[in-house]
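>>> heads up, no residue letters with this:
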């Protein structure tokens, strides 16, 4: 929402085992060489950072630097 960046596609989720609810979405960060090699980094998006959900998009309100972490 802050800058309109496209982060990518959700590849995994982290669930709360007790409630069965989604806590975090995992999105692989872009690779450096034309997408040929996998990325060592990923975006971890907390469920409470999601502001709008559509059929094929999510709008989040957070700083992408905070999202990036090593696998």
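Received it, and whenever you're ready, just let me know what you need. For clarity, every value in this text was computed on a predicted model and none was experimentally measured. Residues are numbered from 1 along each chain as shown.

>>> Could you list the low-confidence segments of this protein?
1, 32-39, 69-71 (pLDDT under 70).

>>> Can you pull up the most central residue in it?
residue 27 (3.9 Å; Cα atoms, centre = their mean).

>>> what's the burial count for the residue nearest to that one when sequence neighbours are not counted?
Leaving aside its sequence neighbours, residue 27 sits nearest to residue 43 (Cβ to Cβ, 6 or more residues apart in numbering; 4.3 Å). The C-beta positions use only the backbone N, C-alpha and C, and glycine is treated the same way. Neighbours of residue 43 under the rule other Cβ atoms under 10 Å: 23.

>>> what do you get for the one 3 residues further on?
Burial of residue 46, expressed as a neighbour count using other Cβ under 10 Å, amounts to 15.

>>> ok, the residue lying closest to it once chain neighbours are set aside - contacts?
Distance criterion Cβ to Cβ, 6+ apart; nearest residue to residue 46, sequence neighbours excluded, is residue 24 at 5.7 Å. By Cβ atoms under 8 Å, 6 or more residues apart in numbering, the residues touching residue 24 are 13-14, 44-47.

>>> can you check residue 3 too?
Residue 3 is in contact with residue 64, counting by Cβ under 8 Å, 6+ apart.

>>> Roughly how far does it sit from residue 62?
To residue 62, residue 3 is 11 Å away according to Cβ to Cβ, to the nearest Å.

>>> show me what contacts the residue lying farthest from the centre of the chain?
The C-alpha centroid of the chain is most remote from residue 18, which lies 22.5 Å away (Cα atoms, centre = their mean). For residue 18, the contact set (Cβ under 8 Å, 6+ apart) is empty.

>>> Which of the three states applies to it?
Of the three states, residue 18 takes coil according to DSSP: H, G, I helix; E, B strand; the rest coil.

>>> In this structure residue 44 contacts residue 66, no?
No. The pair residue 44 / residue 66 is not scored as a contact, 9.1 Å apart, by Cβ atoms under 8 Å.

>>> of the two, who's got more company?
Neighbour totals were compared for residue 44 and residue 66, and residue 44 leads with 16 against 11 (other Cβ under 10 Å).

>>> list the contacts for that one?
By Cβ under 8 Å, 6+ apart, residue 44 lies in contact with 24-26, 67, 69.
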